[in-house]
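K.L.:
Provide a 3D model corresponding to the input given below.
(one chain, ligands or ions: 1)
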Amino acid sequence: MSVKSEVKLEFAEVDSRLIHISERISKDLLYLCPLCKQEVISRKGPQRRHHFAHKPESNCSASEETILHFNAKNYLAYCITAYEMNLEEIIFNIPIGLLDESIQKVIQILGIQYYPLSLYKLKSYYHFSRAKTEQRIGNYVADVLVKCEEYSDEYEYDDEVIDRGYFLFEMRVSHEIGEEKERDLLESGIPFIEAIPEQTERGYTFRVTSMSLYSLLKDSKDQLIRLLSTHFEEELIQVGKNMFNSTVEKELRKTAIERAIENVDDLNLRDYISKEQFASINAIEAKAYMSEVHQTVALQSIRYKTGREDKSYISINEHLYWVRSENILYDVVKKLDKQGYKVELLIGGYSNSSKSKVVGFRFQLPDRYLYGEQLKRIMKAGLMDLLNNVNEEEE
Ligand SMILES: [Zn+2]
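P.N.:
Here you go, the predicted structure:
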């Protein structure tokens, strides 16, 4: 069933006034074809779509495209102005390609090719008040020019009318809107729809080919988001949590580790190590062979003293003496050597002697501050490993 063969005239002129086929037809009045001005008769049978028909002898040259264009724009103007029409049934199908990318994706998921926008929604959103066909606006002649007005309070008698500008419709049947015209329209900021009308059993549907409905679509998008968030709150929170886990948390962990690496140098490790722990970290005990330890005492002084017969001895803490001092020295050197510390022998002697003897030892012991630096290097290396692990984690 082709649309073209369906096209029948739906409007006639009576006393220079256009009436629709659905209106009451009087047998006493003369109805004229609006295109050729010849007489037409109403056909309101039960079988076919109601329409006006030319008489058999008519020579009306209007093509079906011309009639469709005429019908469609006048039908739109008629519906907008007439109060009793059901505007929910007049649908503008917007191909999803014309929509904002994010809305496109949502609608695609639902398997929908067209976003259906009713004339009712357009009328209430833009505050359509009345419509006329073939109206000039600036340099432009609109197929349907709609005046938009809002009443500040519908229930007040003398309420204020707020001017909401214009809306316009272009019916595309045999010609396109034209790039230049479309650009002028877009620049004018006037919301518009250009569409191809298609006749249906009940009226028309319109396939949108171009449009500027920025604020309406933005509001629809916001409504959609609100609606989704209301109905899928739990699910969305879960999705949000998962996203948080995989991206935000990963970033936070990286930042935390990076900060820790930066701050390792500022740590005073002594704050975390007790005196006893620090003392035992590298303590080496040396004592005379076979001797027993009864207690430990801190060293306060160590010095040579001269005793009886001018014999010198070493006094420790003023009242203590060595037990087998050579034995103790032996144990110290041996233990340090065994633990891997470098022990060098100092060879020499007193100036009046030519014999080479061991006059002392050089122990290469680590600086106690170096321990802290080493610990910090170890901590940094460990943290760098953690950071690399986070970076290598699968998305
Ligand atoms: Zn005609």
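
K.L.:
tell me the residues of the chain that contact the ion?
P.N.:
33, 35-36, 60 (C-beta under 5 Å from the ion). Yep, even glycine has a C-beta here, placed from its N, CA and C like the rest.

K.L.:
for the stretch 51-200 of the chain, which residue gets nearest to the ion?
P.N.:
The ion sits closest to Cys60 of the stretch 51-200 of the chain, with a gap of 2.9 Å, by C-beta to the ion.

K.L.:
just the pLDDT for that residue.
P.N.:
Note on Cys60: pLDDT of 90.

K.L.:
before we move on, back to that, out of the residues of the chain next to the ion, which are buried?
P.N.:
Neighbour counting with 16 or more other C-beta atoms under 10 Å marks 33, 35, 60 as buried within the residues of the chain next to the ion.

K.L.:
is the last one in a helix, a strand, or coil?
P.N.:
In other words, Cys60. Counting by DSSP: H, G, I helix; E, B strand; the rest coil, the backbone at Cys60 sits in coil.

K.L.:
ok, it - contacts?
P.N.:
By C-beta atoms under 8 Å, 6 or more residues apart in numbering, Cys60 lies in contact with 33, 35-36, 38, 54.

K.L.:
hmm, which two among those are most spread apart?
P.N.:
For the contacts of Cys60, the maximum inter-member distance is 10.0 Å, found between Leu35 and His54 (C-beta to C-beta).

K.L.:
between the two, which contacts overlap?
P.N.:
Common neighbours of Leu35 and His54 (C-beta under 8 Å, 6+ apart) are 9, 60.

K.L.:
need the contact partners of stretch 63-70.
P.N.:
The contact list for stretch 63-70 (C-beta under 8 Å, 6+ apart) reads 3-4, 7-9, 11, 34-35, 62, 143, 171, 173-174, 197, 199.

K.L.:
got the CA positions of it in CSV?
P.N.:
Extracted C-alpha coordinates of stretch 63-70, given in CSV (Å, rounded to 0.1, in the frame of the first residue of the first chain):
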residue,chain,number,x,y,z
SER,A,63,0.1,16.6,-7.8
GLU,A,64,-0.2,14.2,-4.9
GLU,A,65,3.0,15.7,-3.5
THR,A,66,1.5,19.2,-3.6
ILE,A,67,-1.7,17.9,-1.9
LEU,A,68,0.3,16.0,0.7
HIS,A,69,2.4,19.1,1.5
PHE,A,70,-0.7,21.2,1.7
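
K.L.:
buried sites along it?
P.N.:
Neighbour counts over stretch 63-70 (16+ other C-beta under 10 Å) mark 64, 67-70 as buried.

K.L.:
and stretch 318-327, by the same measure?
P.N.:
By 16+ other C-beta under 10 Å, the buried positions in stretch 318-327 come out as Asn327.

K.L.:
first vs last residue of it, how far apart are they?
P.N.:
21 Å (C-alpha to C-alpha, to the nearest Å).

K.L.:
hmm, who's touching it?
P.N.:
Residues outside stretch 318-327 that contact it (C-beta under 8 Å, 6+ apart): 288-289, 291, 300-301, 313-316, 328.

K.L.:
just the helices in this protein please.
P.N.:
64-81, 101-109, 119-126, 179-188, 214-231, 233-243, 249-263, 275-281, 325-338, 368-392 (DSSP state H).

K.L.:
related to what we said a few turns ago, and which of the contacts of stretch 318-327 is nearest the ion?
P.N.:
Of those, the one sitting nearest to the ion (C-beta to the ion) turns out to be Gln300, at 128.7 Å.
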